[in-house]
Each structure stands twice: as C-alpha cells, then as structure tokens.
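*Asks:* My questions concern the predicted model and sequence given below.
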Amino acid sequence: MKEVEILKKKLSDFDFPEQTKIKIERDLQRLERLKPGASEYDILRTYLELVCDLPWNKVTEDLADIKRCEEILEKEHTGLDKVKRRIIEYLSVKKLTKEIKGPILCFHGPPGVGKTSLGKSIAKALGRSFVRISLGGVRDESVIRGHRRTYVGAIAGRIIDGIRRAGTKNPVFLLDEIDKLGSDYKGDPSAALLEVLDPEQNNSFEDHYLGVPFDLSQVLFIATGKKKKKKKKKLC
C-alpha cells in the first residue's frame, strides 16, 4: 500500500476540476482494494502515475519582449525575412490580445530549410518549453487521441504524452509533417487533430486513455509540412 500513499500525496498537490477529482479518487479507491499481484493493479497504477506526471497547474510566464524575439530570430536564422516578419506579427498580436486563439502558424517547405528550428526559436523567445511530434504516416485516430484502457497495452495519445514531456501546460508544440496524415478503417486522425487545434474545443480535450478533460487552450501549436497544396482540407 506504500505506492498508493505516494500517489495520494502527489495527487493532493493538484487542483483538479470537480468531475476529474471524483474520477481520480474513485480509481485510487479501486487501487487500494486490489492486491499488488493483480493484473489490474499495474494498469491502474500506470494510469495514475501518468495523471501525476501531467502539468495540470504548471504554466510558464511568457517573456513578452518583441524586440528580444526579433533579435533571437535574426541571430539564429539567416534570410527568411518574410517568415520572420510573419512570426513577429503573430507574437505581437498575441501580446496585445493576451491569448492565442485564432489561426496557428504553419511553415511549409522542403526538408532542411529551418521549419523545426524556427519553432525552437519561438519557444526560446517566449521562454516556453518546446516539444515536437511527427505525424508522418499516422493513419490511426488513437495515435492522436490515445487507446481506451479496456485494451491490452493501451497508452495515451501523442498529444497528452507530448504535454507530459514538456512539463508545462503551455509549451510550444510542433506538429511536424501535418501534410502526411493518412486515414483508414481505424479512423481519421485529422478529425481528432481538429479538436486539438480548435480553440473552441481544446479547452476540454479528452484523451481516450486519460478519460478526463485536459485544457490545451494555452498551448501554442505550430504545424509544418513539405507542400502547402497537400495540407488536409479539414485542418486548413
């Protein structure tokens, strides 16, 4: 039962929404009733460890210095004047409105032109953590939204896993090769990604594995692709 007590202590540090708190407390009570050797014990413990690892309340404060952003972009990227100007415009609007609702930045071009490094520079300029996931070849919706815990070997989706790795709930999140998304009988990942990017929905994004809403509204999403004309219509 020592593991349960450690989990209880960690979870008590978070300020969960009421419905989330009820569900997590119910899972904790189930874990207490199970013997450590039971198969469901490991499944529940792994799930609650993920809940503990997520940055429910941790937010980094933006360094809202546009001049500093310009200096970082000029120092780390030669040329690309039009792109850098667009980034500065975007960050300036964000500074004035105090929010990031609206269109997301999407960089397109051949490999090696600096799309990913531009995302890193934006994160550095804002003082945010940076996380990247590749969407090339993704055809299964569960890669984005996670697997339900009823399945053997279920895991969280790449979005929630990326937030866990970032360590804050407002990182700069790079969605690489967004034009390479596919779809098959397992679902359309672009439909799931639309929920992630839509500012009217992403404040209560629900990963199938996590099973409770998680607020993605403070995440600054950036997309990249090789060819503009191949972008998914749903995401444009």
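*Replies:* Ah, there it is.
*Asks:* Buried residues, stretch 121-132. List them.
*Replies:* Using 16 or more other C-beta atoms under 10 Å as the test for burial, stretch 121-132 gives 121-126, 128-132. For glycine as for every other residue, the C-beta is placed from the backbone atoms N, C-alpha and C.
*Asks:* Could you do stretch 8-21 as well?
*Replies:* Quick answer for stretch 8-21 (16+ other C-beta under 10 Å): 11, 14, 16, 20.
*Asks:* for the third one, what are its contacts?
*Replies:* Contacts for Phe16 were tallied using C-beta atoms under 8 Å, 6 or more residues apart in numbering; they are 24, 56.
*Asks:* could you point out which element follows the worst-scoring helix or strand of the chain on mean pLDDT?
*Replies:* Among the helical and strand segments of the chain, the one scoring lowest on mean pLDDT, DSSP states H and E is helix 2-11, with a mean of 84. Counting by DSSP states H and E, the next helix or strand C-terminal to helix 2-11 is helix 18-33.
*Asks:* okay, the buried residues of stretch 121-132 in CSV with distance to Gln29 next?
*Replies:* Below are those laid out as CSV (distance: C-beta to C-beta, whole Å):
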residue, distance to Gln29
Ser121, 47
Ile122, 43
Ala123, 40
Lys124, 44
Ala125, 45
Leu126, 41
Arg128, 37
Ser129, 34
Phe130, 38
Val131, 33
Arg132, 38
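*Asks:* In JSON lines: the residues you listed, plus pLDDT and secondary structure.
*Replies:* Shown next, in JSON lines, are the buried residues of stretch 121-132 (pLDDT from 0 to 100; DSSP: H, G, I helix; E, B strand; the rest coil):
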{"residue": "Ser121", "pLDDT": "92", "secondary structure": "helix"}
{"residue": "Ile122", "pLDDT": "92", "secondary structure": "helix"}
{"residue": "Ala123", "pLDDT": "93", "secondary structure": "helix"}
{"residue": "Lys124", "pLDDT": "92", "secondary structure": "helix"}
{"residue": "Ala125", "pLDDT": "89", "secondary structure": "helix"}
{"residue": "Leu126", "pLDDT": "90", "secondary structure": "helix"}
{"residue": "Arg128", "pLDDT": "93", "secondary structure": "coil"}
{"residue": "Ser129", "pLDDT": "95", "secondary structure": "coil"}
{"residue": "Phe130", "pLDDT": "96", "secondary structure": "strand"}
{"residue": "Val131", "pLDDT": "96", "secondary structure": "strand"}
{"residue": "Arg132", "pLDDT": "95", "secondary structure": "strand"}
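*Asks:* of all those, which comes closest to Leu34?
*Replies:* Comparing these against Leu34 with C-beta to C-beta places Val131 closest, at 33.4 Å.
*Asks:* what ranges do the helices span in this structure?
*Replies:* With DSSP state H as the criterion, the chain has helices at 2-11, 18-33, 39-53, 66-76, 81-97, 115-126, 141-145, 158-166, 189-197.
*Asks:* hey, C-alpha coordinates of the first one in PDB?
*Replies:* The reference is to helix 2-11. C-alpha atoms of helix 2-11 as PDB (Å, rounded to 0.1, in the frame of the first residue of the first chain):
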ATOM      1  CA  LYS A   2       3.000   2.300   0.200                       C
ATOM      2  CA  GLU A   3       2.700   3.000  -3.600                       C
ATOM      3  CA  VAL A   4      -0.900   4.100  -3.100                       C
ATOM      4  CA  GLU A   5       0.100   6.500  -0.300                       C
ATOM      5  CA  ILE A   6       2.800   8.100  -2.500                       C
ATOM      6  CA  LEU A   7       0.200   8.500  -5.300                       C
ATOM      7  CA  LYS A   8      -2.300  10.000  -2.900                       C
ATOM      8  CA  LYS A   9       0.300  12.600  -1.700                       C
ATOM      9  CA  LYS A  10       1.200  13.500  -5.300                       C
ATOM     10  CA  LEU A  11      -2.400  13.900  -6.400                       C
END
